[in-house]
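*Asks:* Below is the sequence, then the predicted model.
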Amino acid sequence: MIFTYKMATEAIGALAISSKQLGKLSNQLASAVIVIDPVNTKLSIFYQGSKSVCRFDYDITDYIEVKKDANPKNIIYYAIKIDTYMNIMSKIAATKEQAEFQVDTESNKITMKAGKSRYSSTCYDSSALDVKAVEDIIDTIAGISKGTEFTKNTCVLKLTPEVVNFYETIIGSMDLYAKGNAIAIEGKKLKYADNLSIIEYTALTDISTTGQIEYLHTNIYDMAKIALTKLPEVEVTYSNSRQYVHFKNPLISLEAVIGVPEVAFRYPDDADLVGFGPAVDKNVVLTINRDTLKNALKDIDGVFDNLNWKLKQMKFKLNAADNKLELNWSDYNAEADTTCDLVSITEINHPNKDIMFIIPTIQISKLLNLVSNTDDIKIMCNDIATTEENGCGILVNAANYKAILAKLAE
């Protein structure tokens, strides 16, 4: 059987976006089944990964049967290698032109043309297994999303631009050295923990519908954030076991049930937090304007190799006599120093104000992006060794967030 059809640029663009979505569902993308409904002019893609199932639906036009099948079918099924197919869709989307497809199930070939470019890929004629695979995916999505997993004790996370900003600032910019792969959400609180930082940010509105900590994994966030480009918020629903997420993206006609991956770092409880940062009854608090510190960091940024200076340590030293915070960065090749004025220094049962601590520069630099330009931040620190309780971190406080950042040994 040979048939042709066309897809509008909007549908091709949606398919290109879908390729990014599919890439988050499984590390090993295999085949998927495409279903063509000539009567209703619909194309659907059904995919099943190791822990996830999804379907995409799109409109087609100008369906023509060039060579009829000996046994005509009302619905046409054929299998494709999904990763290659989606890569081609991304290329076609870049042309911004209507695409024409020809499927030849006899020679197992699908040809795709747009503008001056032509692509082809292997496809396979429908079989009973393809039909069964589609039926299983439909049943799985319906069974899980409408079954006992989603009838009680569920959780809805409302992803807003605030969530995107927090996520991109914390995980999107820190994954070069940090190992965190999820943020924790508790009501209005957005939280994050990894091997070098513990961060809590207070959003303007509730994000979670439960009173407990829920985790938004990178894979699930990446699928949902695409819809946020045109929608004010996107909802993802967690099952009562928290093993699955049911998600719909109306912009690209996507419906999926996603298996929730393991979280690398769980947010510590209150008892653990007490020992990580400085003790509240013995510390020194440095108050500094946000822009003052940000500009001081800019004085050093760019002197060294970008990755080098961001990922390695910067030394912060308090000069109490001059009411200044001194910043120093050096490597085997060069050295840079600068200072910034402090608004105030507050001592709480601490015998020595001249304190030095070392932290990865990218931590404090990115956290400043969560603070408004005119706000002050407070840095609570002490001179306790990093190996002792209350000595392994500094506490950074601002109007809408607080963070414990690990001190590094010199």
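*Replies:* Thanks, I have it.
*Asks:* Could you use CA atoms for every contact and neighbour count after this?
*Replies:* Noted.
*Asks:* where do the helices sit along the stretch 51-200 of the chain?
*Replies:* Ranges of helices within the stretch 51-200 of the chain are 82-95, 128-146, 161-167, 173-174, based on DSSP state H, counting those that start in this stretch.
*Asks:* weakest of these in terms of mean pLDDT?
*Replies:* Per-stretch mean pLDDT for these is lowest at helix 173-174 (a mean of 56).
*Asks:* returning to what we had before: between the helices of the stretch 51-200 of the chain, which one is nearest to Gln243?
*Replies:* helix 128-146 (10.8 Å; Cα to Cα).
*Asks:* list the buried ones in that closest one?
*Replies:* 130-131, 133-134, 136-137, 140-141, 144-145 (16 or more other Cα atoms under 10 Å).
*Asks:* gap between that helix and the chain center?
*Replies:* 28 Å (Cα atoms, centre = their mean, to the nearest Å).
*Asks:* can you offset everything so residue one is 42?
*Replies:* All set: I'll call the first residue 42, so the last point we hit is now helix 169-187.
*Asks:* helices or strands up against that helix?
*Replies:* strand 72-78, strand 83-89, strand 93-100, strand 117-122, strand 295-300 (3 or more Cα pairs under 8 Å, 6 or more residues apart in numbering; DSSP states H and E).
*Asks:* Let's have those strands in a markdown table, adding mean neighbour count, distance to Lys271 and mean pLDDT.
*Replies:* Formatted as a markdown table, the helices and strands packed on helix 169-187 follow (neighbours: other Cα atoms under 10 Å; distance: least, Cα to Cα, whole Å; pLDDT from 0 to 100):
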| stretch | mean neighbour count | distance to Lys271 | mean pLDDT |
| --- | --- | --- | --- |
| strand 72-78 | 21 | 27 | 86 |
| strand 83-89 | 21 | 23 | 88 |
| strand 93-100 | 21 | 18 | 86 |
| strand 117-122 | 20 | 30 | 86 |
| strand 295-300 | 22 | 15 | 84 |
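*Asks:* want to throw these into a markdown table with distance to Gly54?
*Replies:* Shown next, in a markdown table, are these (distance: least, Cα to Cα, whole Å):
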| stretch | distance to Gly54 |
| --- | --- |
| strand 72-78 | 17 |
| strand 83-89 | 14 |
| strand 93-100 | 11 |
| strand 117-122 | 19 |
| strand 295-300 | 13 |
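*Asks:* between those strands, which one is nearest to Gly221?
*Replies:* strand 295-300 (18.4 Å).
*Asks:* Would you pull up how far that closest one lies from the middle of the chain?
*Replies:* 16 Å.
*Asks:* Next secondary structure after it?
*Replies:* helix 311-317 (DSSP states H and E).
*Asks:* Flag every buried residue along that next one.
*Replies:* Applying 16+ other Cα under 10 Å to helix 311-317 flags Phe317 as buried.
*Asks:* cool, and stretch 98-114?
*Replies:* 98-102, 104.
*Asks:* Mind checking what secondary structure Glu367 has?
*Replies:* Secondary structure, DSSP: H, G, I helix; E, B strand; the rest coil: Glu367 is strand.
*Asks:* beta partners for it?
*Replies:* Glu367 has these beta-bridge partners by DSSP bridges: Lys358, Thr380.
*Asks:* Flag the shaky bits of the stretch 292-441 of the chain, pLDDT-wise.
*Replies:* Where the stretch 292-441 of the chain drops to pLDDT under 70, the residues are 346-353, 393.
*Asks:* Would you map out the domains in this protein?
*Replies:* By the assignment in automatic domain parsing, the chain contains the domains 43-187, 191-300, 316-447.
*Asks:* Now do stretch 236-255: distance from first to last residue.
*Replies:* Stretch 236-255 has its terminal residues 20 Å apart, counting by Cα to Cα, to the nearest Å.
*Asks:* With stretch 106-117 instead?
*Replies:* The first-to-last residue distance of stretch 106-117 comes to 11 Å (Cα to Cα).
*Asks:* ok now that stretch, how far from the chain's centre?
*Replies:* 43 Å.
*Asks:* repeat for stretch 94-107
*Replies:* 30 Å.
*Asks:* now what about that stretch, what contacts it?
*Replies:* By Cα atoms under 8 Å, 6 or more residues apart in numbering, the residues outside stretch 94-107 that reach it are 42-49, 52, 59, 79, 82-89, 178, 181-182, 293-299.
*Asks:* ditto for stretch 265-279
*Replies:* 58, 191, 195-202, 205, 285-292.
*Asks:* any chance of the domains of the chain in a markdown table, plus distance to Asp310?
*Replies:* Shown next, in a markdown table, are these (distance: least, Cα to Cα, whole Å):
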| stretch | distance to Asp310 |
| --- | --- |
| domain 43-187 | 30 |
| domain 191-300 | 10 |
| domain 316-447 | 11 |
